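In: have a look at this fold, sequence not included:
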């Protein structure tokens, strides 16, 4: 196989080549086939794929000589915007998918169905992170500011909850609300690091939590242990009503210690 020297081609041609190589890998071609098809070395393919997973679109542009994104990017800005619109205020079953909450696989299936591009799950994770729809690590909001509390949570509290869930054959999830450019994201992270989520344009409220937990329970088909790390959701009447009516399906745990002004406001509301 003749391997081209990437140092001897123009910046524009190199960016285009990197895009096509990464697009081919994300479409299912192996990193053994791609070097033969595009005439580049296997280490270069591995390096470009890793760089795209780490830095996204920026990785395609050669340093000091970048240009506007071309037509061979994996997902261009317009397509990314369309996908985010599909995810916002809409659950997967509304788009014809069997899942009740969004997962990486459900997003990959959506992209393939709507735009004909098959993405790997790692690439989906990269996009979700860029869109601020992914939570890298879940720690209690009140705990994350205290290093000793972080250690206690990771090595004691979390393990005790996991053991209790195992003894009752229950699935353990961490439910949290994070702000995003589109509004906010409700995420349920399992101990196996799988994430199920929903994207909302409105502020966090108990009604969203109740709808989300209904879908999570229906999709899991097991009893749930759920750590609810959102002060706003905890004190929403719709969520409290749902928890009271579904004690046989879910055991909630509340690790959040609210800020003083929020605690006072909740007390005034009764």
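Out: Arrived safely, thanks for sending. All figures in this text were calculated on a predicted structure; none of them were measured in a lab. Numbers count the residues shown, from 1 in each chain.
In: residue 247 falls within a strand, correct?
Out: No: going by DSSP: H, G, I helix; E, B strand; the rest coil, the assignment for residue 247 is coil, not a strand.
In: any idea how far residue 175 is from it?
Out: Distance, residue 247 to residue 175, by CB to CB, to the nearest Å: 17 Å. Using the backbone N, CA and C atoms, a C-beta is placed for each residue, glycine as well.
In: likewise residue 58?
Out: For residue 58, the distance to residue 175 (CB to CB) stands at 33 Å.
In: name the residues linked to residue 186 by a beta bridge.
Out: Beta-bridge pairing of residue 186 under DSSP bridges involves residue 177, residue 198.
In: roughly how far out does stretch 43-62 sit from the chain middle?
Out: Relative to the chain's own centre, stretch 43-62 is displaced by 20 Å; criterion: CA atoms, centre = their mean, to the nearest Å.
In: before we move on, back to that, more crowded one of residue 58 and residue 175?
Out: The residue with more neighbours, out of residue 58 and residue 175, is residue 175; 23 against 10, by other CB atoms under 10 Å.
In: that one looks like it's in a helix, true?
Out: No: using three-state DSSP, the assignment for residue 175 is strand, not a helix.
In: all further residue positions should be reported with the first residue as 44.
Out: OK, 44 is where the count begins now, so the last one is residue 218.
In: and the helices in the stretch 144-293 of the chain?
Out: 147-158, 164-173, 190-195, 201-210, 249-263, 274-277, 280-288 (DSSP state H, counting those that start in this stretch).
In: which one of the ones you listed lies nearest to residue 127?
Out: Evaluated with CB to CB, the helices of the stretch 144-293 of the chain place helix 164-173 nearest to residue 127, the distance being 9.3 Å.
In: what angle separates that closest one from helix 147-158?
Out: Taking axes from the mean of the first three to the mean of the last three CA atoms, to 10 degrees, helix 164-173 and helix 147-158 form an angle of 90 degrees between their directions.
In: what's helix 164-173 packed up against?
Out: In terms of contacts (3 or more CB pairs under 8 Å, 6 or more residues apart in numbering; DSSP states H and E), helix 164-173 is packed against helix 85-98, helix 147-158.
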